[in-house]
Structure formats: C-alpha cells, structure tokens
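In: this is a predicted model, with the sequence first.
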Amino acid sequence: MPPRTKLTINVDESFQHLPHAPIVEAVIDIRSQPTVAFEEATFKPQLEAKLGGYEYLDSQRTFQHEFRVEAGKPPSAMARDMGWQGLRFQSTDKKQIAQFNRNEFVLSRLEPYQSWEQLYEEGMRLWSLYVELAQPVEIKRIGLRYINRIQLPPGELRFEKYMGPAPAPPQGLTLPFRGFMHQDTLEVTGHPYAINVIRTIQPSGDSGVPGMGLILDIDAFTTEEFELNEVLLKRHLLAMRWLKNKMFFGSVTPMALKLCQ
Amino acid sequence: MTTLALYPFSGRLSSGASETARVIADGIAQWRSRLQDSYALGQRAKGSLTELCQVFDDCRHANWDGYGARPVAESAFRLASQFLEALPLGTPAPSVGAEPDGHLTLEWHRSPRRTLSLSMSPEGDLHYAALLGTSKRYGTEPFCGEAPPVIVDLIGRVLTA
C-alpha cells in the first residue's frame, strides 16, 4: 500500500510532445446549479446570439424507459419524459461539441486534438457564456477527461507491449482475450481530486479500421465543491491536466509512444 | 461481524460525445447492469428500485397523505434512483419513503441508536442525519451523479460498527 503523503503536483513539468497524440476526445465538464430559470424558450435564443462559430445540434431531454412483466398480463413498455435537460451545439468544422445542460456545461474536442491552450481557451469562452446566462454561484464538480485510442496493428493481441498494467490470463490457463474492461479510481492524496482510469479495447468493427483500439480513458475530477472563482477554476484545471499527463505517460510503453510519433 | 464491500466507482464519468466515449459508456452500463442484478451486490436485485417506484407512484399527487402533503416531484424520483444506482456495490438496501414536503427518503436502520436517514430534494440536495451511538451527524451534500463519500462512510458506520 503506497504511503498517504501529500502528492506534489508540478504544473510546470513538461511532457513529451506527441505529433500524433492518440486523443480521440478531450472533455472539460463543469457541473453547477443555475440560479435563474433554465427554460429552453429563453435560453436557446440568448445562447445562439452569443455563440460564434457553432450551430445548433439538438435539444436534450431525458426519458426513463420502464418494462413491466407481470404474470397473466402481456409485457408492457412505457417511456416517461423526465423533462428538458439542455442544448447541444456543434462547431462548424464538427470537431467541437458544446453542451449547455441544466446542471452541467461540457465542451468536447474530437480528433484531431490541437492543444491544451486551444481546449482551455475555448472551454473558458463558452463557460463564461454559461455563467452569464445560468448564473451559477458555485461549482460542484470539474472533470477533465482525455480518451486515448491507440490503434494496434491487425492481429495484435499482446496488450502488454503497449500498456501497463495490461490484463493477463490466469496462471495455468493461457487463453487469448476477446475483451476486457478494467477500471480504477485513484485518490489524489492531499488534494481535492480523484482520477477514474478505464482500460478497455474497442473492436475493429466499431471504429471502421482494421485492428483493435486500445482505450486508455483518463478522467480527473474534483471531489469538493467550491465557490465560482475563475482563478481557482484555472488552478484546478492545470492541476488535473498534470495528473492526466502523469497517468498517461505512466501507463503506456515506449512502443505505444512510437506509434504516436 | 458483517463486512461491507464498498467500492467508490459510480459509473458516472465526465460526459463525452465521441464514438469511443459511447463504447466506453455502453461497456460500463452493461457491467453495472450485470452487477445491479446480483443479489449480493446490486440495489436492483435487492428491490430498492422497485420500492422507490412504488413510493413514487403512491406519492406523486398532492395531498397523498390526506393532510395536504406536497407531491413527490419527478426530478426527486429520478435523482433518488440515480443515487441508489450510484451507491457502492454491496451496499445494503435502504427503506424508501416520502415526506410531506415532497422529498424522498432513504433510511438505513440498525437500531434506534444506529440509524441514517437521507432526504433527496428535487434540486439534488441530499440532506442527511445519522445517529451513531451517542454522537450525531447531519448536513447537506449535493448529488452530482456520485454518492458523496461522507454518506458512503456513514452507511458503513451505521451498519458495521
């Protein structure tokens, strides 16, 4: 068991630049509670007037599906509309998706990933619009999630060549993997952060390219709520960016990094 | 002595919009769903979600208690069901109820001096009050998709001490 001493976070540490970084999606997710009425009819035109470079994608509603099977009666299905949740917009190049939800602002950058600076600046620009319209007073959770997909050569099944720790078959029963999903949650000692890490594979059929995709999904998030404060928000995001970089470079092998050059 | 297996991962990640994010979300949902069906680990198999649906059906209209109670809002029902599914696997099932102010309640009761009561508001605030022998704990935590650690800790302390 590692010691529970405070982790030193060094946001100035530099990491190897990967010209073909395997990031398929980078996400800034900020959860908060609006203090004003959050209604589609008023929110949508206000947002559209201020959002440059984005087009309306869809309106999000939540449905709850219920299936009932009772003896002597035919099975019945019911969908219950749980109400309007928010709006999604897409950048004109379709590489960025912004969600303005009742309890959450989300910016997703799809591949090709550009840079942290670009993600951060765009995230803060759109977040300031959300703050202006929804007027939250505190932030309940910040998430910084990077989903990496390392494309394996066709037929490659030796995951340990690319990622560690990799799944291993039980001793005495060496069988090939057809799938796996491994999830860890790590506490960042001495800081209000935790990290969810998921390692899994994406079958080749799902992505349209031959060979499996090795997924390394790193989601750093805050574990305490705090008052709305842009300086603090930036400090948290920079710390979480460092955490996800440490997690990424500590999880992939030199061979995986070679695929990203 | 009963040992609780409390695992903190709720399955709720930061949102994603890509195809790969969907593959991950589906994988987690299947994994969670399978475990929710386990009588040892899941709230669904233990009947908590069915009990919650029953309480909601009984209390969704005004004056459900005959004394002018406020209806339980759909948002409170939705949040309470999300909270139950976000509890660490292996958490014992609570008793479900409703309050005249329209909140839903979840209660873990071991004895009159070891009990925890949670009240879920339609806005997503979890009000809690616990008796742990001679000490009391109470407060409010926001529910953002993950079971607040303070509440997970209290459930464990109420049931295992």
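Out: Good, I have the coordinates. Numbering: from 1, shown residues only, chains lettered A, B, ... in the order given.

In: now do the buried residues in stretch A:32-47.
Out: Of the residues in stretch A:32-47, A:32, A:33, A:34, A:38, A:43, A:44, A:47 count as buried by neighbour count, 16 or more other Cβ atoms under 10 Å in any protein chain shown. Quick note: C-beta positions are derived from backbone N, CA and C, even for glycine.

In: name the helices or strands packed onto the strand or helix carrying residue B:28?
Out: Assigned by DSSP states H and E, residue B:28 belongs to helix B:19-36. Taking 3 or more Cβ pairs under 8 Å, 6 or more residues apart in numbering or on different chains; DSSP states H and E as contact, the helices and strands that helix B:19-36 lies on are strand A:23-32, strand A:138-151, strand A:181-188, strand A:193-202, helix A:204-207, strand A:213-222, helix B:43-46.

In: okay, the ones you listed in CSV with mean pLDDT and distance to residue B:112 next?
Out: Written out in CSV, the entries for the helices and strands packed on helix B:19-36 read as follows (pLDDT from 0 to 100; distance: least, Cβ to Cβ, whole Å):
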stretch, mean pLDDT, distance to residue B:112
strand A:23-32, 95, 37
strand A:138-151, 93, 34
strand A:181-188, 89, 34
strand A:193-202, 90, 35
helix A:204-207, 56, 54
strand A:213-222, 93, 37
helix B:43-46, 75, 23
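
In: ok, back up a step: to the chain's geometric centre, what's the distance from the helix holding residue B:28?
Out: For helix B:19-36, the distance between its averaged C-alpha position and the chain's averaged C-alpha position is 20 Å (Cα atoms, centre = their mean, to the nearest Å).

In: got the buried residues for it?
Out: By neighbour count, and taking 16+ other Cβ under 10 Å as the criterion, the buried residues in helix B:19-36 are B:19, B:20, B:21, B:23, B:24, B:27, B:28, B:32, B:35, B:36.

In: and the residue lying closest to residue A:113 once chain neighbours are set aside, what are its bridge partners?
Out: Once its chain neighbours are removed from consideration, residue A:113 has its nearest residue in residue A:23; the separation is 4.0 Å (Cβ to Cβ, 6 or more residues apart in numbering or on different chains). Note on residue A:23: beta-bridge partners by DSSP bridges are residue A:148.

In: identify the residues contacting residue A:23.
Out: With contact taken as Cβ atoms under 8 Å, 6 or more residues apart in numbering or on different chains, residue A:23 is in contact with A:111, A:113, A:146, A:147, A:148.

In: what's the most distant pair in those?
Out: Pairwise distances across the contacts of residue A:23 peak at 11.4 Å for A:111 and A:146 (criterion: Cβ to Cβ).

In: the more surrounded of these two?
Out: Here residue A:111 and residue A:146 are set side by side on neighbour count (other Cβ atoms under 10 Å in any protein chain shown), and the busier one is residue A:146, at 25 against 17.

In: so the more buried one touches residue A:26, yeah?
Out: Yes: under the criterion of Cβ atoms under 8 Å, residue A:146 makes contact with residue A:26 at 5.2 Å.

In: I'd assumed residue A:59 was in a helix, is it?
Out: No: inclusion of residue A:59 in a helix is not indicated when DSSP: H, G, I helix; E, B strand; the rest coil is applied; the result is strand.

In: can you give me how far stretch A:132-148 is from the chain middle?
Out: With Cα atoms, centre = their mean as the basis, the mean position of stretch A:132-148 lies at 12 Å from the chain mean.

In: does the residue of chain B found nearest chain A count as helix, strand or coil?
Out: Minimum separation of chain B from chain A (Cβ to the nearest Cβ) falls at residue B:14, amounting to 3.0 Å. Local secondary structure at residue B:14 is given as coil here, using three-state DSSP.

In: identify the residues contacting it.
Out: Here residue B:14 is in contact with A:27, A:29, A:106, A:143, A:144, A:145, A:219, A:221 (Cβ under 8 Å, 6+ apart).

In: which of the residues you listed come close to chain B?
Out: A:27, A:29, A:106, A:143, A:144, A:145, A:219, A:221 (Cβ under 8 Å from any Cβ of the partner chain).

In: just to revisit the earlier point, dump the helices and strands packed on helix B:19-36 to TSV, plus distance to residue B:127.
Out: Conversion of the helices and strands packed on helix B:19-36 to TSV gives the following (distance: least, Cβ to Cβ, whole Å):
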stretch	distance to residue B:127
strand A:23-32	19
strand A:138-151	16
strand A:181-188	26
strand A:193-202	24
helix A:204-207	43
strand A:213-222	22
helix B:43-46	20
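
In: so for residue B:135, which of the ones you listed sits nearest?
Out: Among the helices and strands packed on helix B:19-36, strand A:181-188 comes nearest to residue B:135, with 25.3 Å by Cβ to Cβ.

In: show me what that closest one is packed against.
Out: Under the contact criterion of 3+ Cβ pairs under 8 Å, 6+ apart, the helices and strands touching strand A:181-188 comprise strand A:193-202, helix B:19-36.

In: could you redo the last one with a cut-off of 6 Å?
Out: strand A:193-202 (3 or more Cβ pairs under 6 Å, 6 or more residues apart in numbering or on different chains; DSSP states H and E).

In: how close does residue B:80 get to residue B:142?
Out: From residue B:80 across to residue B:142, the span is 14 Å (Cβ to Cβ, to the nearest Å).

In: the two: which is more packed in?
Out: residue B:80 (29 against 17).

In: which residue ranges of the stretch 51-200 of chain A form strands?
Out: A:54-68, A:76-91, A:96-101, A:104-110, A:138-151, A:181-188, A:193-202 (DSSP state E, counting those that start in this stretch).

In: tabulate the ones you listed (a markdown table), appending distance to residue A:256.
Out: Conversion of the strands of the stretch 51-200 of chain A to a markdown table gives the following (distance: least, Cβ to Cβ, whole Å):
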| stretch | distance to residue A:256 |
| --- | --- |
| strand A:54-68 | 33 |
| strand A:76-91 | 29 |
| strand A:96-101 | 26 |
| strand A:104-110 | 21 |
| strand A:138-151 | 5 |
| strand A:181-188 | 16 |
| strand A:193-202 | 12 |
